[in-house]
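The following comprises the amino acid sequence and a computationally predicted model.
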Amino acid sequence: MGANRLYPVDPISIPTFLPIVRQVGTVRKWGLRAESCELCAKRGFKEVSEVITAAPGFQERCPLFLKPIYNLSGIMSSPLLARQGRHLQRYDKQLRLVAGCIPYKINGNSSNQSGDLMNRVEVLMISSPGRHDLIFPKGGWEKDETECEAACREALEEAGVRGIINGAELGHWVFRSKSRQGTCSLEGACKGYMFALEVTEELEYWPEQNIHGRKWVTLPQAFQLCRYDWMREALRLFVNRLCLFPSCLSHQISAW
């Protein structure tokens, strides 16, 4: 591997909080201990170099990638690797299936009355290259994951946050991708499933930070910033759910 060899910033403190984590031995030629998730171990990856080159579906579940990684020249690279390609992409006839979420946080005590609660809710939106509007993280739903897992993965890859999916989906919408906005055909159209994600961790570094910026905004700001009708509708349904069930937090599906 030579000069391209990668080292964890602090191998002693690689997170081990995931329940599936287990020790897979000492990497003698690197002189540090390697940890990977049970999925990596089942695939037979026994060294850090093997985990780094593993299929993306396993990289995202491995705690090795929760820390920034540096090469020998001291240049930082992403702590996680985003999935690439569409070979696992799900389709419903002509529609590409995507999953996304509205990441949110509640400042202060979430047990207060819903009216006050709305004033303390912020949602996280992301930017895209060459565009001035903000959107919610979303992306392709793949065959080896549920729609909830896909939504959590996209939040991690695009916005650098982990959290908890609260409740069932907010809904699903059919829309055209940004490159197909002017067409009447369903070719290139998407069917998107949206969820509410209560953010529990905000990463300093994330896979697509060079592509997507992120910004916490208030609910009124979010409604103004939403470019598409379906996105505003998802936000409205999120607000309705939060007003009706302000105490129904942190009880469903946790992101990685």
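That came through, no problem.

which parts of the longest helix seen in the chain are buried?
When the chain is scanned for its longest helix (criterion: DSSP state H), the result is helix 229-244. Neighbour counts over helix 229-244 (16 or more other C-beta atoms under 10 Å) mark 231, 234-235, 237-239, 241-242 as buried. From N, CA and C alone the C-beta is placed, and that goes for glycine too.

how about CSV for those residues, with distance to residue 134 added?
Listed next are the buried residues of helix 229-244 as CSV, based on distance: C-beta to C-beta, whole Å:
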residue, distance to residue 134
231, 10
234, 14
235, 12
237, 19
238, 15
239, 17
241, 21
242, 20
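
Could you list every helix and strand in contact with the longest helix of the chain?
On a contact count with 3 or more C-beta pairs under 8 Å, 6 or more residues apart in numbering; DSSP states H and E, helix 229-244 meets strand 95-106, helix 114-120, strand 121-127, strand 171-176, strand 189-202, helix 219-225.

ok, and what's touching stretch 219-235?
Applying C-beta atoms under 8 Å, 6 or more residues apart in numbering, the contact partners of stretch 219-235 are 102, 118, 121-123, 125, 133-136, 170-171, 173, 175, 192, 194, 217, 239.

cool, and stretch 122-139?
98-105, 107, 150-151, 153-155, 157-159, 161, 178, 192, 194, 199, 211-219, 222, 225-227, 231, 234-235, 238.

buried sites along it?
Here stretch 122-139 shows 122-126, 134-139 as buried, counting by 16+ other C-beta under 10 Å.

May I have it exported as PDB, CA atoms only?
The C-alpha coordinates for stretch 122-139 follow below in PDB (Å, rounded to 0.1, in the frame of the first residue of the first chain):
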ATOM      1  CA  GLU A 122     -35.300  23.300  13.900                       C
ATOM      2  CA  VAL A 123     -34.900  21.100  10.700                       C
ATOM      3  CA  LEU A 124     -31.700  20.400   8.800                       C
ATOM      4  CA  MET A 125     -31.600  21.200   5.100                       C
ATOM      5  CA  ILE A 126     -28.700  20.600   2.700                       C
ATOM      6  CA  SER A 127     -27.400  22.500  -0.400                       C
ATOM      7  CA  SER A 128     -26.500  21.100  -3.800                       C
ATOM      8  CA  PRO A 129     -23.800  22.200  -6.200                       C
ATOM      9  CA  GLY A 130     -24.900  24.900  -8.600                       C
ATOM     10  CA  ARG A 131     -28.200  25.500  -6.900                       C
ATOM     11  CA  HIS A 132     -29.400  28.100  -4.500                       C
ATOM     12  CA  ASP A 133     -32.300  26.300  -2.900                       C
ATOM     13  CA  LEU A 134     -32.100  23.900   0.100                       C
ATOM     14  CA  ILE A 135     -33.500  20.400   0.200                       C
ATOM     15  CA  PHE A 136     -33.900  17.500   2.600                       C
ATOM     16  CA  PRO A 137     -31.500  14.600   2.400                       C
ATOM     17  CA  LYS A 138     -32.700  11.800   0.100                       C
ATOM     18  CA  GLY A 139     -31.400   9.200  -2.300                       C
END
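
Report the mean per-residue pLDDT for that stretch.
Averaged over stretch 122-139, pLDDT sits at 90.

same deal with stretch 148-161?
For stretch 148-161, the mean pLDDT works out to 93.

Now do the end-to-end distance for it.
Terminal residues of stretch 148-161 lie 14 Å apart, using C-alpha to C-alpha, to the nearest Å.

Using the record's assignment, carve the protein into domains.
Using automatic domain parsing, the domain ranges for the chain come out as 2-77, 91-254.

Can you lay out the buried residues of helix 229-244 as TSV showing pLDDT?
Conversion of these to TSV gives the following (pLDDT from 0 to 100):
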residue	pLDDT
231	93
234	96
235	96
237	95
238	95
239	93
241	90
242	85
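
and the two most separated of those?
Maximum pairwise distance among the buried residues of helix 229-244 (C-beta to C-beta): 16.7 Å, between 231 and 242.
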